[in-house]
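Novice: below are the sequence and a predicted model for it; my questions follow.
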Amino acid sequence: MRLISLIFITGAVLTGFWWCALPAYFTHLYVYRAFEIPIIALLVDAYFGAFYTFPYLSVVALVSVVLFEIFKPRLLFYEV
């Protein structure tokens, strides 16, 4: 299920369906330990050529993964 979620998020970002990718992204962050998301964000930024200006997607992905890992114990209803 995790791989299907990653493929869906990556495909939605690449095709421009941000309204569909954002809820799936935050759900993936909430359910799984998503340390692979910043790597995928780097690849998507490289695909779109965002390194010529500023890689917003990579920075947002890295910050959101770190924040979710810090605050996840407070958000969960059960202990993992």
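Specialist: Structure's in. What do you need? Remember, it's a predicted structure, so these values are computed and weren't measured experimentally.

Novice: residue 8 touches residue 24, doesn't it?
Specialist: Yes - counting by CB atoms under 8 Å, residue 8 touches residue 24, with 5.9 Å between them. Quick note: C-beta positions are derived from backbone N, CA and C, even for glycine.

Novice: between the two, what contacts are shared?
Specialist: Between them, residue 8 and residue 24 share no contacting residue under CB atoms under 8 Å, 6 or more residues apart in numbering.

Novice: show me what the longest helix along the chain is packed against.
Specialist: If you go by DSSP state H, the chain has its longest helix at helix 56-75. Applying 3 or more CB pairs under 8 Å, 6 or more residues apart in numbering; DSSP states H and E, we find helix 56-75 packed against helix 18-31, helix 37-48.

Novice: hey, C-alpha coordinates of it in PDB?
Specialist: What follows is helix 56-75 as a C-alpha-only set of coordinates in PDB (Å, rounded to 0.1, in the frame of the first residue of the first chain):
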ATOM      1  CA  TYR A  56      10.500  24.800  -3.200                       C
ATOM      2  CA  LEU A  57       9.100  21.300  -3.400                       C
ATOM      3  CA  SER A  58      12.200  19.700  -1.900                       C
ATOM      4  CA  VAL A  59      12.400  22.200   0.900                       C
ATOM      5  CA  VAL A  60       8.700  21.900   1.700                       C
ATOM      6  CA  ALA A  61       8.900  18.100   1.600                       C
ATOM      7  CA  LEU A  62      12.000  18.000   3.900                       C
ATOM      8  CA  VAL A  63      10.500  20.500   6.400                       C
ATOM      9  CA  SER A  64       7.100  18.700   6.500                       C
ATOM     10  CA  VAL A  65       8.700  15.300   7.000                       C
ATOM     11  CA  VAL A  66      10.700  16.600   9.900                       C
ATOM     12  CA  LEU A  67       7.700  18.400  11.500                       C
ATOM     13  CA  PHE A  68       5.500  15.400  11.100                       C
ATOM     14  CA  GLU A  69       8.100  13.100  12.700                       C
ATOM     15  CA  ILE A  70       8.400  15.600  15.600                       C
ATOM     16  CA  PHE A  71       4.600  16.000  16.100                       C
ATOM     17  CA  LYS A  72       3.400  12.600  15.100                       C
ATOM     18  CA  PRO A  73       3.300  11.200  18.700                       C
ATOM     19  CA  ARG A  74       1.000  14.000  19.700                       C
ATOM     20  CA  LEU A  75      -1.300  13.400  16.700                       C
END
